[in-house]
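Novice: No sequence on hand, only this structure:
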């Protein structure tokens, strides 16, 4: 049986009926068209489905949509504001931190969560913060440089 | 500023903004109206006869639209190399590995499709199976494919020079055996596709593939469609690294289901199915004997190799050749004998992965070369320099190096890593190691025999003259090829990069063999350059007529027309343009005639300004059997120095830093070249330290997930000091050659050599897990006690 | 990968939760963080008819110190534990263990209750908590009990809990003596890692400069449940700490371990590593005890 849930997604209120066995990742992608959230492993081991849930980055493939009832969610689509791209997005583009792009949404959201708490992280702190977000293309170096450079 | 306006810069990638904002569409992000969902039934047994398939219950399930088996798909054989087509869409009489496809379903949603799959009943009679090379080649072993005795899928026997004779002249000869483990490419986007067979009988396949062209051919061949009715479109794809360079059964099944139902059908591999499909790095066992003279002259190599290949051939024939043929550079090797065998087993199929076929032979040999240098009492870097090849050298197996900056690479990493200060001076548990590499810059011949151009490119100017669009069937898979071609087109046309757009990855845009063998920059780059030259010539020809100035006296730079003898009176042209654009606010002005005006006038005079270019390498290579594999219009080379720390009590290896130099001929985009180096080294680090596809004793994968199949995290990867060496390749567009694959070659052996430097024990088996390193240290300690 | 179908319950109070699991018994699974449960359900290893989420029960959140105890609510996440000043001040190695669990993304979901109840032999949080003699509060409709974590795990994926019980809290008595602890996880990668071996050590001193009053060593991944290295603890009790003593304790701990060969590693390697990690954990624990 479907359950009606309410979420605030990217600062917009949203009401939707979901089945209990739907993950947040699936509801975002399939029901709400927010396909910037990716699915690379579906068991919490790759980080491509990262969203910020009530202020904290999580694997949305391991959250039931019904659990997100009453929660506030930021996806990659919510990073851009009326003023344009978020500085983290700018940094990723500028520093060449994006290749295939499949990890990028999750990386940027993990980076945001880090920089919100720690605006000037060192190398180790950046690497730790993105250690749940796998990237096979970049070797992480340009991603780390981009994140460190955002507030420098 | 240098010679160029656009290329050799750090231009931003064209696709980056879409990827940074979540706008980029990957195949699973696409939804078509009325789309069905497909699911496959795969064999749970490694080797078994199929006695009966009962699909009746599945067909009755509400929501199921089609259930297909070999009866529906037919038994047309396909694969990668036409000489070894050994796959069919579905198995009919027997299954060959856990994961072999038996049946499939299309239904209104994935839930229903999966439930229907679970209702298909298959009666199997299990057959004895073989899982290792030894088991597979044993006398009386069960045959996986009837026509291949002893399960030998392919073998290569080559000798160049006279190895035995050369060994007699050697002062030092040593033999070592090295083995790796099966790898997985670890791309983050699982393979997916949507097939859409429309009412007019045209089939469009959206797929996460590296090779739209080959997929188009295989789909047409297997499903019996005219090739012109099959269109393959590659949306954004989340990495490939080799395994996405062949046709998947899933692609064929989705097409079949769409043809059966008349609806679009979406299918995706789960991560587990990505592992089951496999097609990544083989397991190789190399036994190498190398002979040298006292002064360090490299004389001969005898290389014997067994590849454990799995149930089908895939790229395997090329792989077994590459495992021998690419060791003839970048050091002068005077004699070489190679015997390679690729063996079928009842496991998922191996194929091509970054550095195809040559990564493990390179790792084995570069470690052995270090041993040889040590035996000779030579510095390993000096030993390599002594034997290094130079531009213009031809290898003993007839590979011609039209550019080769190997000496420069070695010197660069020597300086960059402060090799001399560190080598031999680090404390116990710390080590520094070096290795080199050599790779093709695009395969010299297509996978099927053909005179086809390898790449065609069409460039069309917008009718208003302001913009150019590059149409190519090449595959942007994350490496940055679209941006590379845009930069080449912009440079060649003489216009800003912002005025060039790229449409790629669609078989309707031409022929392009795709993203494999590190071919795109050189080959598609050439075709792009030629297309742009053609367009430019058309524009200048019209201008020449209009202004009565010879075309040779004009050029286009930064979007403006340059006249060798000073600007003529072009008021007539400008007025003509302005009259057409009354009310517009962005009129061209200034003292110079703009490309926009010139191109608009060209359109008005000649109609659409469309130019095309094609590229095909000339005849390459020797005349011996298998000479085609390893040929290339150009060869890259590279060197790496790695520093490691080893915890002597636990065996845990930490890579502290890496210095890597790669000769890419000429860097079209400097940021992208560095990014390829860093990514290659990361993959190589994972392969060296962590990665292994593990099997149970029934051929089932134990770690078909990213928890247990361990690719490096950000915390595992060391910083890389990247050094770009530019040798100006005469056969490359603007001197460019490859970087995407060759850069991985030195990584593994450089780490192996560094670990030896740290612990004093040679390890001849990958990966260097803490346990393997610890056990090696422990064994040595025990030997020293005795 | 789709989740099997189930009915979802989201009680607001412990009482309500107890009533639901009491009624449903084996048919229900309790969802705390979901990082194990949902994975097992996706892989169809378990297909419960009912899932009871604890995430909306406010009483199960929070970490606080009272009356010489640290109390960790069942739904405290690994991330919260790793960042908690209370835990860092009092149970440093519990914070360490929480900070190396999975990845930052997993740590924001995984809860202490889930890490206990899923009872994986390589789990990160149990060893340190067992060393402290932490107690799990188990509540059901008809009453509650407190179980020492040393008696809690009964096998791989198995605990003493009955289907009608809910783990609501982990309570840890802060030692009176000068004490120090350390947790070491040995894996292949630096993150997203399941331990090959993990070791927690706790040293209680007899006075600030004194000999070791008592030591507790807990080993993970070397038996079906985390185990105490009792003979190693005996080696240490009453002794003046030294490198030689810690070496001997390491050897004893290696003998106490009962590892098996599996695809992650051999028994031999694991046993040897128990020795190394025990020795190292003791050294750091001693440093912390003497500097406290």
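Specialist: Arrived safely. A quick note: this is a predicted structure, and the numbers were derived from the prediction, not measured. Numbers count the residues shown, from 1 in each chain, chains lettered A, B, ... in the order given.
Novice: When you work out contacts or count neighbours from here on, use the C-alpha atoms and nothing else.
Specialist: OK.
Novice: outside of stretch B:194-203, which residues touch it?
Specialist: With Cα atoms under 8 Å, 6 or more residues apart in numbering or on different chains as the test, stretch B:194-203 has contacts from B:27, B:204-207, B:229-231, B:251, B:254-255, B:258-259, B:262-267.
Novice: got it, and stretch B:160-176?
Specialist: Counting by Cα under 8 Å, 6+ apart, B:287-294, B:299-302, B:334-337, B:368, B:372, B:376, B:396-397 sit against stretch B:160-176.
Novice: again, only using 6 Å
Specialist: The list of residues contacting stretch B:160-176 from outside it, by Cα atoms under 6 Å, 6 or more residues apart in numbering or on different chains, reads B:287-294, B:300, B:335-336.
Novice: can I get the residues you listed in TSV with distance to chain C, neighbour count and secondary structure?
Specialist: Supplementary listing: these in TSV, determined by distance: Cα to the nearest Cα, whole Å; neighbours: other Cα atoms under 10 Å in any protein chain shown; DSSP: H, G, I helix; E, B strand; the rest coil:
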residue	distance to chain C	neighbour count	secondary structure
B:287	26	19	strand
B:288	29	22	strand
B:289	32	21	strand
B:290	33	24	strand
B:291	37	28	strand
B:292	38	23	strand
B:293	41	17	coil
B:294	41	14	coil
B:300	38	28	strand
B:335	41	25	strand
B:336	38	26	strand
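Novice: Only whichever of the contacts of stretch B:194-203 are buried, select them in ChimeraX.
Specialist: Below is the selection syntax for ChimeraX that covers the buried ones among the contacts of stretch B:194-203, with 16 or more other Cα atoms under 10 Å in any protein chain shown defining burial:
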select /B:27,204,205,206,207,230,231,251,254,255,258,259,262,263,264,265,266,267
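Novice: Now cross-check the contacts of stretch B:194-203 against chain A and list the overlap.
Specialist: Among the contacts of stretch B:194-203, none lies close to chain A by the criterion of Cα under 6 Å from any Cα of the partner chain.
Novice: Which residues belonging to stretch B:591-607 are considered buried?
Specialist: In stretch B:591-607, residues buried by neighbour count (16+ other Cα under 10 Å) are B:592-603.
Novice: From these, which land in helices?
Specialist: Per DSSP state H, helices hold the following members of the buried residues of stretch B:591-607: B:595-603.
Novice: so which of the residues you listed also contact chain C?
Specialist: Contacts with chain C are made by none of those, judged by Cα under 6 Å from any Cα.
Novice: so what are the domain limits for chain B?
Specialist: If you go by automatic domain parsing, the domain ranges for chain B are B:16-23+B:452-615, B:31-127+B:188-239+B:244-277, B:283-445+B:622-785.
Novice: for the ones you listed, which one ends up most surrounded?
Specialist: Comparing the domains of chain B by mean neighbour count (mean count of other Cα atoms under 10 Å in any protein chain shown), domain B:283-445+B:622-785 comes out on top with a mean of 23.
Novice: So for it, mean pLDDT?
Specialist: Per-residue pLDDT values across domain B:283-445+B:622-785 average out to 97.
Novice: Just confirm yes or no for it near chain A.
Specialist: Yes - looking at domain B:283-445+B:622-785 against chain A by Cα under 6 Å from any Cα, the contacts come from B:675, B:678-679, B:682, B:706-707, B:713-715.
Novice: follow-up on the earlier one: for the ones in helices among the buried residues of stretch B:591-607, which one is nearest residue B:734?
Specialist: Taking Cα to Cα as the measure, residue B:734 lies nearest residue B:595 of these, at 22.3 Å.
Novice: Considering only the residues of domain B:283-445+B:622-785 next to chain A, which also neighbour chain C?
Specialist: Subset of the residues of domain B:283-445+B:622-785 next to chain A in contact with chain C: residue B:715, counting by Cα under 6 Å from any Cα.
Novice: now, which of the residues of domain B:283-445+B:622-785 next to chain A lie within helices?
Specialist: With helices taken from DSSP H, the overlap with the residues of domain B:283-445+B:622-785 next to chain A comprises B:675, B:678-679, B:682.
Novice: and those residues, which two are the farthest apart?
Specialist: Every pair of these checked by Cα to Cα; the farthest is B:675 and B:682, at 10.5 Å.
Novice: how would you label the spatially closest residue to residue B:189 that is not a sequence neighbour: helix, strand or coil?
Specialist: Spatial nearest neighbour of residue B:189, excluding adjacent residues (Cα to Cα, 6 or more residues apart in numbering or on different chains): residue B:238 at 4.6 Å. Using DSSP: H, G, I helix; E, B strand; the rest coil as the criterion, the local structure at residue B:238 reads coil.
Novice: Check whether residue B:238 really touches residue A:98, as I assumed.
Specialist: No - judged on Cα atoms under 6 Å, residue B:238 makes no contact with residue A:98 at a distance of 11.1 Å.
Novice: Tell me which residues touch residue B:395, please.
Specialist: residue B:328.
Novice: Can you classify residue C:274 by secondary structure?
Specialist: Local secondary structure at residue C:274 is given as helix here, using three-state DSSP.
Novice: Now do the closest residue to it other than its chain neighbours: how many residues are near it, please.
Specialist: Closest residue to residue C:274 apart from its sequence neighbours, by Cα to Cα, 6+ apart: residue C:254 at 5.2 Å. Neighbour count of residue C:254, defined by other Cα atoms under 10 Å in any protein chain shown: 26.
Novice: just checking, residue C:254 touches residue C:270?
Specialist: No - the pair residue C:254 / residue C:270 is not scored as a contact, 8.4 Å apart, by Cα under 6 Å.
Novice: Can you name the residues of the stretch 101-250 of chain C sitting close to chain B?
Specialist: residue C:190.
Novice: Any regions of chain A where pLDDT drops low?
Specialist: Along chain A, segments meeting pLDDT under 70 are nowhere present.
Novice: got the residues of it near chain C?
Specialist: With Cα under 6 Å from any Cα as the criterion, chain A meets chain C at residues A:21, A:43, A:57-59, A:132.
Novice: Which single residue of the stretch 151-300 of chain B approaches chain C most closely?
Specialist: Across the stretch 151-300 of chain B, no residue is closer to chain C than residue B:270, which sits at 6.7 Å (Cα to the nearest Cα).
Novice: Let's see which of the contacts of stretch B:194-203 end up in helices.
Specialist: B:251, B:254-255, B:258-259.
Novice: Spatially nearest residue to residue C:250 (excluding sequence neighbours)?
Specialist: Once chain neighbours are set aside, the closest to residue C:250 by Cα to Cα, 6+ apart is residue C:275, at 3.9 Å.
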